[in-house]
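>>> Build me a model:
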Amino acid sequence: ESERVRGGRGGERVQYVDFKPDFSDRLFFIHMGKKQDSREGIRRYRAMVKDRADLVEKVTLLTKALLESRDEDTFGEVMAAHEKLVGEALGLQPVQEKYFPDFPGRIKSLGAWGGDFILALSPWESEGTKRYFGQKQLGTVLSWDAMVG
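Model prediction:
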């Protein structure tokens, strides 16, 4: 069921979904500890993105593809496509390319492009994932269940 976001100037809509894929034990939220200025992110978006409607449509299609993904490989490919699209639109390097080029899974920025949290699709279970990011000095690694429930 969809409902309008209160105060949304552009008629934005939020659709609540029940999403817990079979591979949710491989999805982790990692705190980057690099608080980004959301207002600056919005300013960058407005300055860089010329055809917002086209970008919104593409992001929406990729988001739907994420929700419909039935396996890790497809989900990872769509994550990478989503990250690439938004990065190109904003003129920013994808967070995995910039900070984690040796990570064997997929990483996607969340929020204001890799500030607070990133989403990782890891080939490892919890301990291996925590070990990898701990070696990168990132100690807050939350499982899908811990963050989403």
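
>>> List the residue ranges of this structure that fall below the pLDDT cut-off.
Residues of the chain meeting the criterion pLDDT under 70: 1-13, 35-50, 112-115.

>>> can you map out the strands along the protein?
With DSSP state E as the criterion, the chain has strands at 2-4, 13-15, 27-31, 106-109, 117-121, 141-143.

>>> With respect to E127, which of these lies nearest?
Nearest to E127 among the strands of the chain is strand 141-143 (9.9 Å), distances taken as CB to CB. No exception for glycine: its C-beta is placed from N, CA and C like everyone else's.

>>> And that closest one, what's buried?
141-143 (16 or more other CB atoms under 10 Å).

>>> packing partners for it?
strand 27-31, helix 126-135 (3 or more CB pairs under 8 Å, 6 or more residues apart in numbering; DSSP states H and E).

>>> any idea how far the first one is from the chain center?
Its chain's C-alpha centre lies 10 Å from the corresponding centre of strand 27-31 when counted by CA atoms, centre = their mean, to the nearest Å.

>>> That strand: partners in the sheet, and parallel or antiparallel?
Applying DSSP bridges to the sheet, strand 27-31 is found paired with strand 117-121 (antiparallel), strand 141-143 (antiparallel).

>>> Turn those strands into TSV, including distance to A81.
Output for the strands paired with strand 27-31, formatted as TSV (distance: least, CB to CB, whole Å):
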stretch	distance to A81
strand 117-121	13
strand 141-143	24
